[in-house]
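> model the following, please.
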Amino acid sequence: MKKKVKSNPVLEVFAQLKKKAQSGGRNSAEYGQNPGTFSMGRVFSGAAERIFSENGVFQALETRRSTATFMPLHYEPNYAYPLIVWLHSPGEDERQLQRVMPLLSLRNYAAVAIRGSVSFGNDGLPKKGFFWDPGTYETTYAAVLEAINEMSQRCRIAPNRIYLAGSEEGGTMAQRLAFRNPRHFAGVISLDGAVPEDMMLLEHFKELKKVRFLYAVSRGSRTCPAEILCENLRLLYSAGVPLTLRNYPTAGALQLDMLRDVNRWIMGSIESALL
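Predicted coordinates for the structure are as follows:
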C-alpha cells in the first residue's frame, strides 16, 4: 500500500498567495504592501529554513542592525550572483524581503535587507515598523557595507553587480547612498522613492555616470509625484547619469508588474555590461 504523503500547510499557503498575486487576484499592490500577507514567523531560521528550501532560503543575519538574507533557489556555488540590497517601505522592517523576492525572482539573485534607522515619530512616540531618517545616513551606509560583507562570506557575490533597491523612503535612502558612494554599486532601483534634496552630484560626477538608475512610479504616488520626479530627473539626465523612468497605472509601490520589470531591468543591465 502506497504511503500517503502529508501535505505541508505552510507551503500550500505560499503557493496560493503566489498564484493569486501572479493572476492579479485581490490586488498585486495589496499583496506587496500588506505586512500580514506573507507572515510565516519572526525570523527565517531553523525549521523555517527547511520549509522554504524549495523556494530559496530566508534567514536572519547577526549584525549590528537587524538584517534578513535570501539565498536563491538551486544555489550554484561556482556562479557569482548579483546582490540586491533591499531598503524596506516606511512602517515595515527587513522581513519585507520575504514578500519581495518571490515576486521579483527566486533564482537570479542573492539578497539582503537591513532594518530602518528609527521607529519613533516627530512626536517622540513609538510607531509601527521602522523608517529611514536622512540624518542617520552614516550609520545606514555602515550597516549596508557590513551586510554586503557578511553576504559575500556566505555565498559567491559578483562585486560589480551590487544593486541598491528600496520602496518609498527606502528608495530615497538607496539613492542617497549611491549619490554619495557610487563606486560600490552597479545600479539603484527606486520604487515610488523621491529624489533626495541632498544629491551631491558634483562631488562624484564621473563615478555616477557608471551607475544605472531605475525609477518606477505608481499612479497617484504620495511620496513621489511624477511631475516633481521628472523635474529632478532632468538634472540627473543633464549630468549624464544613465536612468530609466517607468510609470504604472495602478497605485502601490510593490506591484507584481513593477517587480517583474525590476528583474528584467537588472538582467538587461548585466547583459549590456557584458557587451
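> contact partners for the nearest residue to residue 241 once chain neighbours are set aside?
Excluding the flanking residues, the one nearest residue 241 by C-beta to C-beta, 6 or more residues apart in numbering is residue 208, at 5.3 Å. Just so you know, the C-beta spots here come from the backbone N, C-alpha and C atoms, and that holds for glycine as well. The contact partners of residue 208, by C-beta atoms under 8 Å, 6 or more residues apart in numbering, come to 178-179, 182, 201, 239, 241.
> now do residue 267
Going by C-beta under 8 Å, 6+ apart, the list of residues near residue 267 reads residue 108.
> got the phi/psi numbers for it?
Backbone torsions for residue 267, taken as degrees, to the nearest 10, come to phi -60, psi -40.
> hang on, the earlier thing: in helices, which of the contacts of residue 208 fall?
178-179 (DSSP state H).
> can the contacts of residue 208 go into JSON lines with extra columns for distance to residue 259, pLDDT and neighbour count?
Shown next, in JSON lines, are the contacts of residue 208 (distance: C-beta to C-beta, whole Å; pLDDT from 0 to 100; neighbours: other C-beta atoms under 10 Å):
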{"residue": "178", "distance to residue 259": "20", "pLDDT": "94", "neighbour count": "26"}
{"residue": "179", "distance to residue 259": "24", "pLDDT": "92", "neighbour count": "23"}
{"residue": "182", "distance to residue 259": "24", "pLDDT": "93", "neighbour count": "20"}
{"residue": "201", "distance to residue 259": "28", "pLDDT": "66", "neighbour count": "14"}
{"residue": "239", "distance to residue 259": "28", "pLDDT": "82", "neighbour count": "14"}
{"residue": "241", "distance to residue 259": "23", "pLDDT": "89", "neighbour count": "22"}
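> can I get the contacts of residue 208 in a markdown table including distance to residue 217?
As requested, those are exported to a markdown table (distance: C-beta to C-beta, whole Å):
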| residue | distance to residue 217 |
| --- | --- |
| 178 | 18 |
| 179 | 19 |
| 182 | 22 |
| 201 | 21 |
| 239 | 20 |
| 241 | 17 |
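> from the contacts of residue 208, which is closest to residue 191?
residue 178 (14.6 Å; C-beta to C-beta).
> you'd agree residue 245 is up against residue 215?
Yes. Residue 245 is within contact range of residue 215, at 4.8 Å (criterion: C-beta atoms under 8 Å).
> pull up the overlap in contacts between these two.
The contact sets of residue 245 and residue 215 overlap at 229, 233 (C-beta under 8 Å, 6+ apart).
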